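Novice: Prediction below, plus the sequence it came from.
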Amino acid sequence: MPPQPPRRSIAEAVMSALSKGTVAEAIATYRKLKAQRPDEYRFNPGELNRVGYQVMKRGRLADAIELFKLNVEMYPQDGNVHDSLGEAYLARGDKALAAESYRRAVELDPKNADAARILKELEQSAPKAP
């Protein structure tokens, strides 16, 4: 059996699509490649996270949130992707959604001390229901 060529980075394909179009088009590219050429690309939570953080650093917070939401959809049992989505929500100032994401991150990865600390801070600063 001949050696398999290394898989290409799906992060690069998504970033390329994003540089030419909208986040919705980049997500459509991801879904299409995952469905049609799953053996050609590396599909894992880290790939999408990388894109999300690159986009976030460029100040495109809404796009980053959409990419992190896709990652959560693709890898719902990965605590780190919930943590990343929580971080993006927090950056946007959406504390309720951030707390929800961090809560899920801690449920999936109880050793995630950073997410647990942020969740505790969010819960302490949340307005109390009457």
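Specialist: Cool, got the structure.

Novice: What ranges in this structure fall below the confidence cut-off?
Specialist: Scanning the chain for pLDDT under 70 picks out 128-130.

Novice: Can you give me the distance of the residue nearest the centre of the chain to Arg50?
Specialist: Geometric centre of the chain, nearest residue: Phe68, 2.4 Å, by Cα atoms, centre = their mean. For Phe68, the distance to Arg50 equals 11 Å [Cβ to Cβ, to the nearest Å]. Any C-beta I mention is one placed from the backbone N, CA and C, and that applies to glycine too.

Novice: What count of nearby residues applies to Ser84?
Specialist: Using other Cβ atoms under 10 Å, Ser84 has 26 other residues around it.

Novice: these two touch, right, it and Lys69?
Specialist: No. Under the criterion of Cβ atoms under 8 Å, Ser84 is not in contact with Lys69, lying 10.2 Å apart.

Novice: ok, which stretches of this protein are strands?
Specialist: Secondary structure of the chain by DSSP state E: the strands cover 8-9, 41-42.

Novice: packing partners for the last one?
Specialist: Using 3 or more Cβ pairs under 8 Å, 6 or more residues apart in numbering; DSSP states H and E, the elements in contact with strand 41-42 are strand 8-9, helix 10-20.

Novice: how about 10 Å then?
Specialist: With contacts defined as 3 or more Cβ pairs under 10 Å, 6 or more residues apart in numbering; DSSP states H and E, the packing partners of strand 41-42 are strand 8-9, helix 10-20, helix 23-36.

Novice: Appreciated, that's everything.
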